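**Q** Build me a structure from this.
(one chain, ligands or ions: 2)
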Amino acid sequence: MKAGQWDAQNKKVVINDIPIPELGKDQLLVKIKSASLCHSDLMSLARGHGDTVTMGHEGAGVIEKIHSSAEGKGFKVGDAIGFNYFINVCYECDGCQIHNSRCENTNLPMCQGFHTNGFFQEYVLVDYHTAVVLPPEIDVRRASPLFCAGITAFNAIDSCELHPGQWIAIVGCGGLGQYAVQYAKAMQYNVIGVDISDDSLDSAKEYGADAVFNSKTQADTYVDEIRKLSGKGVHAAAVFSGANAAFDGAIPLLRTNGLLMVVGIALEPLQINTLDLITGRYRIKADSTGVPRRMSKAVAFTAKNNIQLNVDFRKIEDLPAMVDDMKNGKARQRQVVTFD
Ligand SMILES: [Zn+2]
Ligand SMILES: [Zn+2]
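**A** Ligands and ions are numbered 1, 2, ... in the order given. Next up, the predicted model:
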């Protein structure tokens, strides 16, 4: 079968022929129906040592085979499933209830697509603990971005615990932000998109944002405008960008005791004034893709509200070009590889 891999020695994306993998304990063999490129895949491209591994941590597909140890766990051959990408963890300990990178029973948690083969290949091995059956409303061929960007965005917006009619700013309107706008609208919040790219802001509008602001070209006015529009400032600002400036810029948008929801991975430590926290100027929470057992809530909400991203369908042979487009900021929509 074909696999889109990162050749660390030669530092390039290559398409290799590799064998279909053999089922092991707790595993499902899945035929990939969609696998999508995510910004965090670019992090693995910095790696110039180690094995050649198949890229991709966003996948969805159909079960072909089930290992005997994974029988009776709620899956059957032919089921369309989506899945998370943390393996070599126990899924049971206290750490695994918070985040699988905190597993107390392994010293080597691994992410498929980074440390070991990921999902840009025709057949993949999936640990049943990480998988969830897709409801019929969700099209498996478009579902892969849901299992990183979508779940993360849902968790973050859900954890803001707002009420219908309250205001939320989505700071960073790329793939995650585009999901976040849809989830926030489906939860009946008033949604303001903030980004430095007009293309991303146009997408945010298409997905339902009530207002959008360019924090670069409208730098002198957007904070005042957002504070005026939302009454006294937004009730929550969810930052999906990893730029420190995005976090710094989100705080002034918040009303008293508003919530800064941290999702983006900032390159530098944030400047936090503890007096602001003590006196309730604002609060801070953070969220992520979370643990597999949280996925069902996100998947059910997604199906009920028909939430999805516009995607471009590509072939596995296109992976090197997809990576180049993403690096150069030319990929406006999620790029999804199919194998049919
Ligand atoms: Zn991702
Ligand atoms: Zn564990």
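**Q** List the contacts of the helix or strand where Asp312 lies.
**A** Assessed by DSSP states H and E, Asp312 sits inside strand 311-314. The contact list for strand 311-314, computed with CB atoms under 8 Å, 6 or more residues apart in numbering, reads 34, 36, 141-142, 145, 322, 331, 333-338. Glycine gets a C-beta too; all of them are placed from N, C-alpha and C.
**Q** Within the sheet, what are the partner strands of that strand, with directions?
**A** strand 334-337 (parallel) (DSSP bridges).
**Q** pLDDT (mean, whole number) over the strand it pairs with?
**A** Regarding strand 334-337, the rounded mean pLDDT is 94.
**Q** measure Tyr207 to Ala245 for me?
**A** According to CB to CB, to the nearest Å, Tyr207 stands 23 Å off from Ala245.
**Q** quick one: which of those two has more around it?
**A** Neighbours were counted for Tyr207 and for Ala245 using other CB atoms under 10 Å; Tyr207 has more, 24 against 13.
**Q** my read: that one touches Gln182, true?
**A** Yes: at 5.1 Å, Tyr207 counts as touching Gln182 under the criterion of CB atoms under 8 Å.
**Q** Which single residue of the stretch 51-200 of the chain approaches ligand 1 most closely?
**A** Closest residue of the stretch 51-200 of the chain to ligand 1, CB to the ion: Cys148 (3.1 Å).
**Q** got a list of what that residue touches?
**A** Cys38, Ser40, His57, Glu58, Tyr85, Thr289.
**Q** can you list the contacts of strand 311-314 in TSV and add distance to Asp198?
**A** Converted to TSV, the contacts of strand 311-314 look like this (distance: CB to CB, whole Å):
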residue	distance to Asp198
Ser34	28
Ser36	24
Arg141	30
Arg142	25
Pro145	22
Met322	23
Ala331	16
Gln333	16
Arg334	19
Gln335	21
Val336	24
Val337	28
Thr338	30
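**Q** biggest separation within the residues you listed, which pair?
**A** Arg141 and Ala331 (18.3 Å; CB to CB).
**Q** returning to that earlier point: now do the buried residues in the strand holding Asp312.
**A** Val311, Arg314 (16 or more other CB atoms under 10 Å).
**Q** tell me how far that strand is from the chain's mean position?
**A** 17 Å (CA atoms, centre = their mean, to the nearest Å).
**Q** same check, this time on stretch 67-87
**A** 21 Å.
**Q** Checking it against ligand 1, do any of its residues make contact.
**A** No: residues of stretch 67-87 are not located near ligand 1 by CB under 5 Å from the ion, the shortest gap being 8.3 Å.
**Q** end-to-end on that stretch?
**A** 16 Å (CA to CA, to the nearest Å).
**Q** ditto for stretch 321-335
**A** Stretch 321-335 has an end-to-end distance of 11 Å (criterion: CA to CA).
**Q** all numbers from here: first residue = 29
**A** All right, first residue 29 from here; so that's stretch 349-363.
**Q** For it, list every residue counted as buried.
**A** For stretch 349-363, by 16+ other CB under 10 Å, it's Met350, Val351, Asp353, Met354, Ala359, Arg360, Arg362, Gln363.
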